[in-house]
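Enquirer: just a sequence and a predicted model for now, questions to come.
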Amino acid sequence: MPMKLAKFTFASLAILFLVAPLIAILPLAFTSSVILTYPIPSWSLRWFEELFTADAWRRAIINSLIVGSGTTLLATVLGTAASLGLRNRLLLFRGSVRTLFLLPMVVPAVVLGVGMQVLLARFGLTNSYAGVIIAHTVVAVPFVVVSVTGALAGIDERVELAAQSLGASPATVFCRVTLPLAMPGVLSGAVLAFATSLDEVVLTLFVAGPNQRTLARQMFSSIRENISPAIAAAAFLFIAATILVGLAVMVFRSMLAKRR
Amino acid sequence: MSARSSRTGRSLLLVAPLLLFLIGFFVWPLFSMMSQAISDPAVLRLLPKTAEVIGDWDRKSPPSIAMQTALTDDLKAVGDDQALGDMVRRLNSARSGFRTLMSKTTSALQDTANPPADLVSIDKRWEKPEFWQAIADALSPLTDRNLLAAVDLGRNASGQIAHLPADQSVNRVILARTFWIAALVTFTCTCIGFPYAIIAASLSGWKRDLMLGAVLLPLWTSLLVRTAAWFILLQEQGLINDLLRGLGLIDAPLALIFNRTGVIIAMTHVLLPFMVLPIYSVLITIPENLMPAAASLGAPPWRAFLRVLLPLSLRGVASGGLLVFISAIGYYITPALIGGPGDQMISSIIAFYATGSANWGMAGALGMVLLVATLVLYSVYARFSVDEPGRR
Amino acid sequence: MAEFIRFDRITKFYGPLCVVENLDLGIGKGEFVSLLGPSGSGKTTLLMMLAGFEQPTSGAILLDGTAINGVPTHKRDMGVVFQSYALFPHMSVGENIAFPLQMRGISKAEIAERVKRALDMVQLSAFADRRPSQLSGGQQQRVALARALVFEPRVVLMDEPLGALDKQLREQMQLDIRDLHRRLGLTIVFVTHDQSEALTMSDRVAVFNKGKIEQIGTPRQVYDEPATRFVAEFIGETNLVEGVVETVQGQEATVRLASGAHIVSALSGAVASGQPVYLSIRPERVDLSETRGDARNVLEMEVTDSVYQGDHLRVQLETAAHPLIAKLGRRSREFPPGTKVFAAFSAGDCRVIAP
């Protein structure tokens, strides 16, 4: 019994440690005060207003959406195509290529950022949306590859053979069988790519100019320079979006599970 | 056979775009960063004519007239005083006496009223091959200077590798600090994550879902949001200090932010999921009846833990620990926002060299150190997660 | 036989669910008792309580006269063989068997000696350095057995240990375990849902149903003299025929069937005249012939189907009131469908069971 109590206490404290910070920030989004502390004097939506009207924040949100969409499109197309190609077991260096595709997740962002800045400067792509999208795509693509590869690995190859035996051409098999079965993986890969882009700060610091300030980048400098409850309002949006994204991924996963 | 080769061709076509994209925008940037670290074309840029003729020199005989004229022309053409100063500093560190020699030479060359016949006439030292050797070495576009400086080493006057003076030796301190902070974070993550995973794996139903959800929620939340949240909790008027004061445990607020404590707390929070999830996924593969079996064979709970559960879950602990450590050594945002000046890790220093002082050589060299450390640890990690020790 | 284990009014609830209800059971020293029943009947829960993995909600478990309710598993000194063996995957076969000895602080030399003997006993001497995953299911089973026996536990508990093996191997292991039991004088409590396994191996069989023991007795008793309808149906195949008791004479009763026929049958428990009952008649005890003969119970029936099953001939019979199945030896003559026959059996081959 004392063992059980100790376990319960430990688990509760650990859950508190994990979740409490995320909950603590939410009410501050609705404070009327200009400082980011408790207690909250009165409730107000002024910081959300600030977020959508103040030039710096509004542009940051728009930039995040532009960069996020570009990244999602590029990473999903490249990552899905590559995952499909990697299904072929006869491919030379298949393992090494796959490792290369996953490596951007591992390499420290600052290291990649330094290299990226040097290289993009050479191409004249610094301070451009293209540069930021390219940089974000590099770090987002592993998530697409992991997600799509997982979905493809779950496809029973006999289903495709069956389609062939029923008279479908390879292109038809792909469009009518393989792609629909892999779709949940592609979609959750796309969602993860968007989320990665949305949250990316370090690469953005190195490659983006003042005109490509993303929301995450704006939050970073705001925390660093003049912290205000606008941060909490932005965090509120982020957490709300996270929950939506989490639900979306869960829906895709259950679609995937139902297919099996 | 042809069907097979056309299939391979198709696969290649599918893989190629991403492969080329990553070679162009991932591999190449890393290489250009590293080449920044080892290349130093500053002297070469200043002395292009000298570089052309010095290649024919045998490095032993006295300098030819052509070499002297080329160097004279180059020095006259130098317009950038700062670049010249950099060059002189570099030459002087290779061969002491260069500073005085150069200032004497440049002022003589500027004397248009009374132009010197050749360099030797300005100073006898220009006859000595040693000084020309130093120039020839400095003209090489490759250098180990940055890499050595990254670990606080440098070449002394005689070209030997030696420690830099203490006032220039900051990198080793920062490297040591980076690994120390990463080790501390790994330790705290293990202390919390291992029992957490064990408890989660021993539960079922909604209790297990709750514990896993509590781990996944932070993982899915924006890093900046989490960092901002800790900012709110840890600051002087933050919730933790308020709570402790409210409970009467402290009188004055504790310093929790802009110091090591804050960094460790926030980083542990950020990286804890990477510890819990690998351990958990190993634990749930352990058959449920092993611990009862150990008990029935006479093992008290702690011995059953040491002999059965611990060895079987060690693989998860090791891969979780490596994952946390790898992520921690490359961390930038959390120390930058929550830490004080004494808690900056190697990533911050790299960012400082790159954006603050535009010293790309040093940024590249430190980046290379971090990259190599990360990749070595990652290869160990990849080994761990592939091997199944129980199988052999 | 001296009583060694006693379950004294044991009750176990999982939440609102009662899995063992007010159960009493005594097991003698050196006895092989099987707990037989369908899944969910409480037999495994009882074993888990004996091993100390579960605590009874109420009641006491006594080992050699001492209550062991509060004693933790590792101090109970009981060897458990688990359903899926529960071998430690990170230890070799030898290390697995040495584990309980190490826990008891036995010297290295003696451990080596006893592990070797245990391996010899289960004929796995050549496999001491293998990992469990490198062994076949039958070999793993034998390692689990050796591990549970090597420390000479006071009681050996087995939880459906043969369930994962194929039929042939299972039957071989049944004989091996029975042999070990006799040779070493072990007290064994064996949980199974396989009635033939229980009958083959046990000194006594306890038949479980819904958290209670329906009947406990020797294999012969539970098969030939089922006390309840559940036991009669769960163990072997039987014909259950409804009827009403007319008269009771000592250990026999006369029962009137729906067809009006009278059957004289042995009793399993007390019944009264006029009570509706079941008659259990084992199919292999029914004789068929075309003449009436002089058996005590004779029913006139018609063959509806006859199936040759290799070792026996299975004949389905029908009258207006009730069907009957007879299993005849392979030397019997054929009974084609439509044949009018007389089905005969003695009073002792038939049991009256209160519903």
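Expert: Looks like it arrived, so ask away.

Enquirer: leaving out the residues flanking it, which one is nearest to C:Gly138?
Expert: Closest residue to C:Gly138 apart from its sequence neighbours, by C-beta to C-beta, 6 or more residues apart in numbering or on different chains: C:Leu169 at 4.8 Å. Placement of C-beta: from N, CA and C, glycine included.

Enquirer: surely the one you found forms part of a helix?
Expert: Yes: counting by DSSP: H, G, I helix; E, B strand; the rest coil, C:Leu169 is found in a helix.

Enquirer: how many other residues sit next to it?
Expert: Applying other C-beta atoms under 10 Å in any protein chain shown, we find 15 residues neighbouring C:Leu169.

Enquirer: what's the answer for A:Ala56, then?
Expert: Other residues near A:Ala56 come to 15 when the count uses other C-beta under 10 Å.

Enquirer: what do you get for C:Asp179?
Expert: Applying other C-beta under 10 Å, we find 10 residues neighbouring C:Asp179.

Enquirer: ditto for C:Ala112
Expert: What C:Ala112 shows, counting by other C-beta under 10 Å, is a neighbour count of 14.

Enquirer: what strand or helix carries it?
Expert: For C:Ala112, the element it lies in under DSSP states H and E is helix C:108-121.

Enquirer: next, the buried residues of that helix.
Expert: Across helix C:108-121, burial judged by 16 or more other C-beta atoms under 10 Å in any protein chain shown covers C:111, C:114-115, C:118-119, C:121.

Enquirer: one more: stretch C:129-136?
Expert: For stretch C:129-136, the neighbour count (16+ other C-beta under 10 Å) marks C:131-132, C:135 as buried.

Enquirer: can you give me the end-to-end distance of that stretch?
Expert: End-to-end span of stretch C:129-136 (C-alpha to C-alpha, to the nearest Å): 15 Å.

Enquirer: related to what we said a few turns ago, tell me the one of the buried residues of stretch C:129-136 nearest chain B?
Expert: Distances from chain B to the buried residues of stretch C:129-136, taken as C-beta to the nearest C-beta, are shortest for C:Arg131 (7.1 Å).

Enquirer: now do the strands in chain B.
Expert: Using DSSP state E, the strands of chain B run over B:153-155, B:161-163.

Enquirer: of all those, which lies closest to chain C?
Expert: Proximity to chain C (C-beta to the nearest C-beta) singles out strand B:153-155 among the strands of chain B, at 44.7 Å.

Enquirer: pull out the buried residues from the helix or strand of chain A with the lowest mean pLDDT.
Expert: Of all helical and strand segments in chain A, the minimum by mean pLDDT, DSSP states H and E falls on helix A:230-259, at a mean of 79. Within helix A:230-259, the residues that count as buried by 16+ other C-beta under 10 Å are A:230-239, A:242, A:245-246, A:249, A:252-253, A:256.

Enquirer: tell me what it is packed against?
Expert: Counting contacts by 3 or more C-beta pairs under 8 Å, 6 or more residues apart in numbering or on different chains; DSSP states H and E, helix A:230-259 packs against helix A:2-25, helix A:46-53, helix A:179-199, helix A:215-224, helix B:205-220, helix B:223-234.

Enquirer: list the contacts of the residue of the stretch 1-150 of chain B found nearest chain C.
Expert: Relative to chain C, the nearest point of the stretch 1-150 of chain B is B:Ser11 (35.1 Å; C-beta to the nearest C-beta). Applying C-beta atoms under 8 Å, 6 or more residues apart in numbering or on different chains, we find B:Ser11 in contact with A:84-88, A:90-91.

Enquirer: the helices in the stretch 151-300 of chain B, which residues?
Expert: In the stretch 151-300 of chain B, helices defined by DSSP state H, counting those that start in this stretch lie at B:171-202, B:205-220, B:223-234, B:239-246, B:260-283, B:290-296, listed in chain order.

Enquirer: where does the stretch 251-355 of chain C have low pLDDT?
Expert: Within the stretch 251-355 of chain C, the ranges that satisfy pLDDT under 70 run C:320.

Enquirer: how about a cut-off of 90?
Expert: C:251-252, C:257-263, C:266-275, C:286-302, C:305-314, C:316-324, C:326-341, C:346-350, C:353-355 (pLDDT under 90).

Enquirer: how about the residues of the stretch 101-250 of chain C by chain B?
Expert: Residues of the stretch 101-250 of chain C that fall close to chain B, judged by C-beta under 8 Å from any C-beta of the partner chain: C:103-104, C:131, C:133, C:147-148, C:151, C:157.

Enquirer: look up phi and psi at residue 89.
Expert: Let's take chain A. phi -70, psi -10 (degrees, to the nearest 10).

Enquirer: what is the burial count for it?
Expert: Using other C-beta under 10 Å, A:Arg89 has 7 neighbouring residues.

Enquirer: mean neighbour count, the strands of chain B: which tops it?
Expert: strand B:153-155 (a mean of 17; mean count of other C-beta atoms under 10 Å in any protein chain shown).

Enquirer: from the contact counts, what lies against that strand?
Expert: helix B:81-94, helix B:145-150, strand B:161-163.

Enquirer: export the second one to PDB, keeping only CA atoms.
Expert: As requested, C-alpha coordinates have been extracted for helix B:145-150 and formatted as PDB (Å, rounded to 0.1, in the frame of the first residue of the first chain):
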ATOM      1  CA  ARG B 145      43.600  27.800 -37.100                       C
ATOM      2  CA  ASN B 146      39.800  27.900 -36.500                       C
ATOM      3  CA  LEU B 147      39.500  24.200 -35.600                       C
ATOM      4  CA  LEU B 148      42.400  24.500 -33.200                       C
ATOM      5  CA  ALA B 149      40.900  27.700 -31.700                       C
ATOM      6  CA  ALA B 150      37.600  25.900 -31.300                       C
END
